[in-house]
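**Student:** show me the folded form of this:
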Amino acid sequence: MYVDVVLSPAESDLYDFSGKTAVVIDVFRFATTIQVALEAGITAFFPVQEVEEAFRLQERTPSFLLAGERNALKVPGFDFGNSPLEHVGKEYGGGRLICTTTNGTRGLYSAAAAEEVVVASLRSAEAVARYIKDLGRDVIILAAGSAGRFSLEDVWCAGLILSYLPEAEFEDGALTARALYGEVGLAQVRNSAHGRILQSLGMEEDLDFCLRLNESSRVVLWDPKTGWGVLES
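**Tutor:** Below you'll find the model as predicted:
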């Protein structure tokens, strides 16, 4: 099994995802939030790229719930923003989310040619590594980044996942992510460019929650063919 890492979403078009497992990482905050929402009982999520598309889907199916953000802030008229803390301690008993975020949902569509897409965060890093190792398929990890640019937290998370895959063959992007993980600590990750934005908005609790390692044992999967994502059964 070989593994590569797309270090910046702007480079995603340069990679061939077909026949591979894609892992899309958006630590701050989409991947973390959707993990917690599903674990709290939300049945499934459907990512879209534009706010208007989310509203159109809800008009057709009023039972759909809308979740997402623009510039880290909840979209007016949505049921939820993009904070994992909105779902902590909840027991939903069902419900389907239509999601749109600045970076994470766009990252999923960048990997839509893959055989399967895994959504990863620091909370699920070890579980994701175990899942893709068991599959044995070649892997491309896509760091969703921030506004098309490199983000420290997403590449650091890629390096953490790779630390659990010592027998895999690493391409250059994977080698870079693995080296970065070995040299940079969580305190520096917290103060990444995106981390500082969240701090400036008073979202320190979100930030701290997203930086917890391996607290989830299940994996979030997104099916590019149907557009729906669920927890691994």
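**Student:** any idea how far Asp223 lies from Glu153?
**Tutor:** Distance check for Asp223 against Glu153: by Cβ to Cβ, to the nearest Å, it reads 26 Å. To be clear about C-beta, it is placed using only N, CA and C from the backbone, and glycine gets the same treatment.
**Student:** between these two, point out the one with more neighbours.
**Tutor:** Glu153 (29 against 13; other Cβ atoms under 10 Å).
**Student:** distance check, the nearest residue to that one once chain neighbours are set aside against Leu211.
**Tutor:** Among residues not flanking Glu153 along the chain, Val27 sits closest, at 4.3 Å (Cβ to Cβ, 6 or more residues apart in numbering). Separation of Val27 from Leu211 (Cβ to Cβ) stands at 8 Å.
**Student:** how about Val128?
**Tutor:** Taking Cβ to Cβ, one finds Val128 at 16 Å from Leu211.
**Student:** swap in Leu73?
**Tutor:** With Cβ to Cβ as the criterion, Leu73 and Leu211 are 21 Å apart.
**Student:** do the same with Lys20
**Tutor:** 28 Å.
**Student:** low-confidence bits of this structure, can you list those?
**Tutor:** Within the chain, no range satisfies pLDDT under 70.
**Student:** quick one, helices of it?
**Tutor:** 30-39, 51-60, 104-110, 125-135, 152-163, 172-183, 186-190, 193-200, 204-210 (DSSP state H).
**Student:** make CSV out of the ones you listed and add distance to Gly68.
**Tutor:** Formatted as CSV, these follow (distance: least, Cβ to Cβ, whole Å):
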stretch, distance to Gly68
helix 30-39, 8
helix 51-60, 7
helix 104-110, 7
helix 125-135, 23
helix 152-163, 18
helix 172-183, 27
helix 186-190, 23
helix 193-200, 16
helix 204-210, 14
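**Student:** how about those, which one is nearest Glu86?
**Tutor:** Evaluated with Cβ to Cβ, those place helix 30-39 nearest to Glu86, the distance being 7.6 Å.
**Student:** quick one: that closest one to helix 125-135, angle?
**Tutor:** 80 degrees (axes from the mean of the first three to the mean of the last three Cα atoms, to 10 degrees).
**Student:** so which bits of helix 30-39 are buried?
**Tutor:** Using 16 or more other Cβ atoms under 10 Å as the burial criterion, the residues of helix 30-39 that qualify are 30-39.
**Student:** in contact with the residue most central in space within the chain, which residues?
**Tutor:** Closest to where the C-alpha atoms of the chain average out (Cα atoms, centre = their mean) is Ala31, at 3.0 Å. For Ala31, the contact set (Cβ atoms under 8 Å, 6 or more residues apart in numbering) comprises 24-25, 104, 119-121, 124, 144, 220.
**Student:** in space, what's closest to it - neighbours in sequence excluded?
**Tutor:** Ser121 (4.0 Å).
**Student:** contacting residues for that neighbour?
**Tutor:** By Cβ under 8 Å, 6+ apart, the neighbours of Ser121 are 25-27, 31-32, 35, 157, 210, 216.
**Student:** mind putting those residues in TSV, distance to Tyr2 included?
**Tutor:** Formatted as TSV, the contacts of Ser121 follow (distance: Cβ to Cβ, whole Å):
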residue	distance to Tyr2
Ile25	18
Asp26	23
Val27	24
Ala31	23
Thr32	27
Gln35	26
Cys157	19
Cys210	29
Ser216	26
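**Student:** between Val128 and Leu211, which is the more surrounded one?
**Tutor:** Comparing Val128 with Leu211 by other Cβ under 10 Å, the one with more neighbours is Val128, at 31 against 21.
**Student:** look up how far Met1 lies from that one.
**Tutor:** Counting by Cβ to Cβ, the gap from Val128 to Met1 is 14 Å.
**Student:** just Leu85 next, same as before
**Tutor:** 36 Å.
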